[in-house]
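Student: Could you work out the structure for the sequence below:
(one chain, ligands or ions: 2)
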Amino acid sequence: MKKGAVILAAGSGKRMKSEKSKVCCEVLFKPMILWVLDSLKKAGIDEEDICVIISNEDNGVAQLLPANVKTAVQKEKLGTGHAVLMAEEFIGDEIKKGISYIGVFCGDAPFINPEDLEKSFEKLSSSSYDMAVLTANLDDGESYGRIKRAGDRVTAIVEKKNCTAWELEIKEVNSGAYWFKASFLLENLRRLQKNALTGEYYLTDMCEIAENGKNKAMGFACADKKAVLGANTREQLARLNEIARDAVLSMHYENGVSIPIKDGVIISPDVKIGENSEILPNTIVKGRSIIGKGNVIGPNSCIDNSIVGDNNIIEQTKISDSTIGNECKIGPFTQLRPNSHIGDRVKIGNFVEVKNSTVGEKTSFAHLTYIGDSDFGSHINVGCGVVTVNYDGVKKYRTKVEDNAFIGCNSNLIAPVTVKKGAYVAAASTVTDDIEEDALAIGRARLVIKPKGALKHRKK
Ligand code: UD1
Ligand code: CA
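Tutor: Ligands and ions are numbered 1, 2, ... in the order given. Here you go, the predicted model:
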């Protein structure tokens, strides 16, 4: 059955003391709102059936959303009930499209999982209830809304600040995630009253509206207690990071990845790593990186949004938005900047920077080299200290070096320039013109040796 969703994300980051909305705060380098969005998609909700409630201030949320996701603006922050009201038109349109259930989710509670979403939806849609509240039983209810039950029914949700002493003892709390019959939601949203204590419209009051109506609200206790965890403060955000980090590392252990010491190892939730790869301390793998099998990565490395093949050794290296083949040796102290594409069995050693370049099989840059905006073929040896001079202060140009060439130490290749197949550039040359296949180029001042010249110099 098709379903729609509203994600609440218009709240300010007041308790975070952040200029950006708190839903932009990252758990394992992924903004919380994108965790929620991905879970909804995994639970079978299409992007065009999702409406995110955003603030009228430019606080970073809109830029994070995929183009197909809809948005509605909440100008005044009058609470979660008022926020959903901003999606009134969206809900009406969804009903016209034939969608009969709408979920409402908090953008600051990232661990809502597709399994609990699907199970709770099944339960509600095969019942006569008007809504379902997703809950969890915690040892300490903390700042979450307390669930008041009568059997399967949730009769009310009481916010912590409104709780009596005995209500504070309730262990079952509100995750802030709900399913509603779309028609019930639309018909009753405007019946929410301002809370006397805070002046806000609480979405949680929908439970009492349902309880006083015919079909009531049901409670669904999530199998995964993490589902409720949200972050209102930086400290809570750090706790979510810890919890998510352990869960992600456990998944990689299960998959046969070796992380012998966890210290400083942070892997983002969307990263994939193949069997028998080993991740050493202080290594961060993030974005949509895909790491193959049998690699040794780290220590002290960061791989962002990059694809790494099999059996590579990558040590003390930073790699962003790039691809690496198989059996390469990279590092220590190497940087691969965006759009670098490295072939198989390449060696890139210490203090080498590569940017926006392609490198063919078995080419080697062993030390102290800058390769920018370049295309290097295969089986090329690049000596220590070579620089591709890609920028004339106004424009950038490409350097091309073809298969089996040899670039001697400390040479500058002044782009645009091509070194053709098998050509040999003598050490310390400044190459300003294209070099023919198999040619030898020497571009440096001839060495002059004056016998006993040093003695005369010293006498001066
Ligand atoms: C809310 C629930 C609480 C639940 C908790 C779970 C209410 C009244 N309380 O409390 O029962 O245990 O979530 O995390 O609903 N937002 C808006 N516009 C607003 C206010 C909030 O879009 O005017 C958004 C926020 O950006 C946030 C979400 O709604 O993503 C929840 O708001 P928040 O203020 O964090 O509610 P809690 O106090 O955590
Ligand atoms: Ca919250």
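Student: What's the nearest residue in this protein when you look at ligand 2?
Tutor: Ligand 2 sits closest to Gly230 of the chain, with a gap of 4.2 Å, by Cβ to the ion. Quick note: C-beta positions are derived from backbone N, CA and C, even for glycine.
Student: before we move on, what SS does that residue have?
Tutor: Here Gly230 is recorded as coil under DSSP: H, G, I helix; E, B strand; the rest coil.
Student: Gln236 is in contact with that one, correct?
Tutor: Yes - shown here, Gly230 and Gln236 form a contact pair, counting by Cβ atoms under 8 Å, at 7.1 Å.
Student: neighbour-wise, which of the two wins?
Tutor: Neighbour count, other Cβ atoms under 10 Å: between Gly230 and Gln236, Gly230 has more, with 22 against 19.
Student: and the closest residue to that one other than its chain neighbours, how many neighbours?
Tutor: Once flanking residues are discounted, Gly230 sits nearest to Ala109: 4.0 Å by Cβ to Cβ, 6 or more residues apart in numbering. Neighbour count of Ala109, defined by other Cβ under 10 Å: 24.
Student: just checking, Ala217 touches Arg153?
Tutor: Yes - contact criterion Cβ under 8 Å: Ala217 and Arg153 qualify, at 6.4 Å.
Student: Quickly list what's touching both of these two.
Tutor: Taking Cβ atoms under 8 Å, 6 or more residues apart in numbering as the contact rule, Ala217 and Arg153 both touch Glu211.
Student: Around ligand 2, pick out the residues from the chain.
Tutor: 108, 230, 232 (Cβ under 5 Å from the ion).
Student: I figured the first one hits Ala231, correct?
Tutor: Yes - the pair Asp108 and Ala231 qualifies as a contact (Cβ under 8 Å) at a distance of 5.7 Å.
Student: intersection of neighbour lists for those two?
Tutor: In contact with both Asp108 and Ala231: 22, 25, 32, using Cβ under 8 Å, 6+ apart.
Student: Quick check, pLDDT for Lys14.
Tutor: The confidence metric pLDDT takes the value 83 at Lys14.
Student: Ignore what I typed, I meant Gly11.
Tutor: On the pLDDT scale, Gly11 is placed at 87.
Student: Near it, how many residues? Count them for me, please.
Tutor: 23.
Student: Double-check that it belongs to a helix.
Tutor: No - checked against three-state DSSP, Gly11 lies outside a helix; its state is coil.
Student: Look at Ala217 and Arg153 and report which has more neighbours.
Tutor: Ala217 (28 against 16).
Student: Most neighbours among the shared contacts of Asp108 and Ala231, which one?
Tutor: Lys22 (28 neighbours).
Student: For that residue, which non-adjacent residue is spatially closest?
Tutor: Nearest residue to Lys22, sequence neighbours excluded (Cβ to Cβ, 6+ apart): Gly13, at 4.3 Å.
Student: burial measure for Thr317, as a count.
Tutor: 24.
Student: Could you do Pro31 as well?
Tutor: 23.
Student: Leaving out the residues flanking it, which one is nearest to it?
Tutor: Leaving out its chain neighbours, the residue that sits closest to Pro31 by Cβ to Cβ, 6+ apart is Cys24, at 5.0 Å.
Student: Please verify my assumption that that neighbour contacts Ile33.
Tutor: Yes - Cys24 lies in contact with Ile33 (Cβ under 8 Å); the separation is 6.9 Å.
Student: joint contacts of those two?
Tutor: 61, 64.
Student: Look at those two and report which has more neighbours.
Tutor: Counted by other Cβ under 10 Å, Cys24 and Ile33 do not tie: Ile33 has more neighbours, with 28 against 22.
Student: Around whichever residue of the stretch 51-200 of the chain sits closest to ligand 1, count how many other residues there are.
Tutor: Nearest residue of the stretch 51-200 of the chain to ligand 1, counting by Cβ to the nearest ligand atom: Gly145, 2.3 Å away. For Gly145, the tally of surrounding residues (other Cβ under 10 Å) stands at 27.
Student: Which positions are bridged to the closest residue to it other than its chain neighbours in the beta structure?
Tutor: Nearest residue to Gly145 in three dimensions, chain neighbours excluded: Asn174, at 3.8 Å (Cβ to Cβ, 6+ apart). Beta-bridge partners for Asn174, by DSSP bridges, are Thr135.
Student: What's the local residue count around Asn174?
Tutor: If you count neighbours by other Cβ under 10 Å, Asn174 ends up with 25.
Student: which residues sit in contact with it?
Tutor: Asn174 neighbours (Cβ under 8 Å, 6+ apart): 133, 135, 144-147, 157, 204, 228.
Student: Switch those over to CSV; also include distance to Asp116 and secondary structure.
Tutor: Output for the contacts of Asn174, formatted as CSV (distance: Cβ to Cβ, whole Å; DSSP: H, G, I helix; E, B strand; the rest coil):
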residue, distance to Asp116, secondary structure
Val133, 12, strand
Thr135, 10, strand
Tyr144, 16, coil
Gly145, 18, coil
Arg146, 20, strand
Ile147, 15, strand
Ile157, 18, strand
Thr204, 19, helix
Val228, 10, helix
